[in-house]
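Participant: Coordinates for the following, if possible.
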Amino acid sequence: MDNKKKLKVFLIEDAQRIRSVLIEVLQQADNVEVIGFAESEKEALSQLRSIEWDVAIVDIGLREGSGLAVLSGLKDDGCPYGSRLVFTSNPSNALKTRTMSLGAEGFFDKSREMDSLVSHIQAMAH
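Facilitator: Next comes the predicted model:
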């Protein structure tokens with residue numbers, strides 16, 4: 001029996017196609033588990049405050065609210081666990097600086113860095 005702890009990943013992404021691809025790719029790693037997802041700021045904060053997670057992948061542009069507010073809310077909570085990785089289609093340096101100040105540990109461009117994001121998470125799981 002394999003008692004190895006899986007890295008628990010929570011996805012905050014409102015684009016269903018991107019979410020599906022990410023979940024599929026991440027679930028292929030034997031030590032990564034996608035434990036849930038949210039499409040809005042309110043839903044994301046509610047879920048992240050009620051479960052244990054290791055990594056949150058945060059999209060900045062959400063259907064309701066924003067990923068910045070999710071990062072800010074987690075920072076205000078003093079959330080003790082979890083790496084926050086930003087996955088955005090607006091990869092400006094200004095936004096990167098802002099997300100890092102709110103506790104993000106990684107910043108990835110949706111249009112060309114999905115592989116980098118997945119590799120980063122797989123490396124964290126080892």
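Participant: Correct me if wrong: Arg63 contacts Glu41.
Facilitator: No. Counting by CB atoms under 8 Å, Arg63 does not reach Glu41; the two are 9.1 Å apart. Using the backbone N, CA and C atoms, a C-beta is placed for each residue, glycine as well.
Participant: The two: which has the busier surroundings?
Facilitator: Glu41 (21 against 11; other CB atoms under 10 Å).
Participant: With adjacent residues omitted, what lies nearest to the more buried one?
Facilitator: Gly65 (2.4 Å; CB to CB, 6 or more residues apart in numbering).
Participant: Got phi/psi on the one you found?
Facilitator: Gly65 adopts backbone torsions of phi 80, psi -160, taken as degrees, to the nearest 10.
Participant: measure it to Glu105 for me?
Facilitator: According to CB to CB, to the nearest Å, Gly65 and Glu105 sit 21 Å apart.
Participant: out of these two, which sits in the busier spot?
Facilitator: Gly65 (20 against 14).
Participant: Now do the helices in this protein.
Facilitator: 16-27, 41-48, 67-77, 93-101, 114-124 (DSSP state H).
Participant: Would you format those as TSV with distance to Glu33 included?
Facilitator: Formatted as TSV, the helices of the chain follow (distance: least, CB to CB, whole Å):
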stretch	distance to Glu33
helix 16-27	7
helix 41-48	15
helix 67-77	20
helix 93-101	24
helix 114-124	11
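Participant: out of the ones you listed, nearest to Ser83?
Facilitator: Closest approach to Ser83 among the helices of the chain is made by helix 114-124 (6.9 Å; CB to CB).
Participant: Would you confirm that Ala125 contacts Asn31?
Facilitator: Yes. Between Ala125 and Asn31 there is a contact under CB under 8 Å: 4.3 Å.
Participant: quick one: which of the two has more around it?
Facilitator: Shown here are Ala125 and Asn31; by other CB under 10 Å, Ala125 has more neighbours (20 against 14).
Participant: could you list every residue that touches the more buried one?
Facilitator: 6-7, 29, 31-32 (CB atoms under 8 Å, 6 or more residues apart in numbering).
Participant: Thanks a lot, catch you later.
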